[in-house]
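J.: Next come a sequence and a model predicted from it.
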Amino acid sequence: MHYRIFGRTGLKISVIGVGTWQFGGEWGKDFTQAEVDAIFGAAGDAGINFLDTAECYGDHLSERLIGAALAGQRDRWIIATKFGHHFHEPFKRADLFEPAAVVRQLDDSLRALRTDHVDLLQCHSAKDEQFRTDDLWETLLREKARGRVRHLGISISPNTNVYQTDRASLVGAESIQVVYNRLQREPDERVFPMCPRQNLGVLARVPLASGLLSGKYQPGATFPSTDVREAWMKKDRDAKLAEVERLAAEVPPGVPMARWALAWCLRHPAVTAVIPGCKSPEQVRDNAAAADLVPAAS
């Protein structure tokens, strides 16, 4: 495993992290605690030290599974979570960016994760007017001063959101998270150039395009109704899968497409780490192997 310094946070994080939306029950599978334990066991063995979750991944369900899995191991993990949405039922959320509600979300996240602090707390896909909510960032900085949050970040949406990226340092955020993969390269043009100037850490989420870049699916593929790829991503899925077929020519012989796709993201100088999801220890090990295809960075 390789490690990089996560912007001006100074955190040394593995270039491959663990994304955990899948634990919230919206990816066609319900996870047992034993399965989550095995996934984090494999991640730790591979040298991974970073995970990303959110309060709305099953109403803190993902966080609770993580908290139990990491019991007794808190010091070896860098934990990132998010705020801003309340899970009502699969694929339905309500926005919650009012400061008092954000503090309650943090309370619940800390309880679920079985920790007294998170290493990174991120504003989760806020609209620009929500990002500007009165006293929001002042409240977050107070939580940082209390020690319940070590660092603040922004998970931007859409991928071209230069407004929030440009204001990251002004509000006290030290990182951004953005959808970035071989099919979705929008951050290249304007978002990424803003990051080195502010020394922001950058997390590439959805680096496998929700599994489409795994090479396992062909145009016309379908998913269970309980899988977000069927519920939210159906409109352009076949077009993306057709593009994946064309991209196969870029993959070096003998290299699995998923491994190549993760390494492709990590070659961008602005990207600190990727946070692919995983459903098994085998997938964790496959993801971790992508680190072998990119040079270590300071």
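T.: Alright, I've got the coordinates.
J.: Low-confidence bits of this structure, can you list those?
T.: Counting by pLDDT under 70, the chain shows low-confidence ranges at 296-298.
J.: where do the helices sit along it?
T.: Listed in chain order, the helices found in the chain under DSSP state H are 33-45, 61-69, 99-113, 128-131, 136-146, 162-166, 168-171, 191-198, 228-231, 237-247, 257-266, 281-288.
J.: So which of the ones you listed is nearest Pro295?
T.: Nearest to Pro295 among the helices of the chain is helix 257-266 (9.2 Å), distances taken as Cβ to Cβ. For the C-beta atoms, the positions are set from N, CA and C on the backbone; glycine is no exception.
J.: what's that closest one in contact with?
T.: Under the contact criterion Cβ atoms under 8 Å, 6 or more residues apart in numbering, helix 257-266 has outside partners 15-16, 180-182, 204, 207-209, 213-215, 244, 248, 250-252, 271, 273-274, 276, 286-287, 289-291, 293-294.
J.: For stretch 285-298, which residues meet the burial criterion?
T.: For stretch 285-298, burial by neighbour count (16 or more other Cβ atoms under 10 Å) applies to Asp286, Asn287, Ala288, Ala289, Ala290, Ala291, Val294.
J.: wait, stretch 158-167
T.: Buried, per 16+ other Cβ under 10 Å, within stretch 158-167: Asn159, Asn161, Gln164, Thr165, Arg167.
J.: Relative to Lys235, how far out is the residue nearest to Gln73 when sequence neighbours are not counted?
T.: Closest residue to Gln73 apart from its sequence neighbours, by Cβ to Cβ, 6 or more residues apart in numbering: Gly44 at 7.3 Å. Distance, Gly44 to Lys235, using Cβ to Cβ, to the nearest Å: 38 Å.
J.: out of those two, which sits in the more crowded spot?
T.: Gly44 (17 against 7; other Cβ atoms under 10 Å).
J.: my guess is that one meets Arg76, correct?
T.: Yes. The pair Gly44 / Arg76 is scored as a contact, 6.9 Å apart, by Cβ atoms under 8 Å.
J.: if I look at Arg4, how far off is Gly10?
T.: Distance of Arg4 to Gly10, computed by Cβ to Cβ: 11 Å.
J.: These two: which is more packed in?
T.: Ranked by neighbour count (other Cβ under 10 Å), Arg4 and Gly10 place Arg4 first, with 20 against 11.
J.: From Gly254, how far off is the more buried one?
T.: 26 Å.
J.: In contact with Ile79: list those residues for me.
T.: Neighbours of Ile79 in contact, by Cβ under 8 Å, 6+ apart: Leu51, Thr53, Ile66, Leu70, Leu113, Thr115, Val118, Asp119, Leu120.
J.: Next, the distance between the ends of stretch 68-79.
T.: Start-to-end span of stretch 68-79 (Cα to Cα, to the nearest Å) is 13 Å.
J.: quick one: furthest residue from the center of this structure?
T.: Distance to the chain centre peaks in the chain at Pro253, reaching 28.8 Å (criterion: Cα atoms, centre = their mean).
J.: Let me know the distance separating it from Tyr217.
T.: Pro253 sits 21 Å away from Tyr217 when distances are taken as Cβ to Cβ.
J.: Quick check: beta-bridge partners of Val202?
T.: Note on Val202: beta-bridge partners by DSSP bridges are Ile176.
J.: close enough to count as contact, it and Ser175?
T.: Yes. Val202 lies in contact with Ser175 (Cβ under 8 Å); the separation is 6.8 Å.
J.: Overlap in contacts, those two.
T.: Residues touching both Val202 and Ser175 (Cβ under 8 Å, 6+ apart): Gly7, Thr272.
J.: Return the distance of the residue nearest to Gln73 relative to Phe50.
T.: Counting by Cβ to Cβ, the gap from Gly44 to Phe50 is 11 Å.
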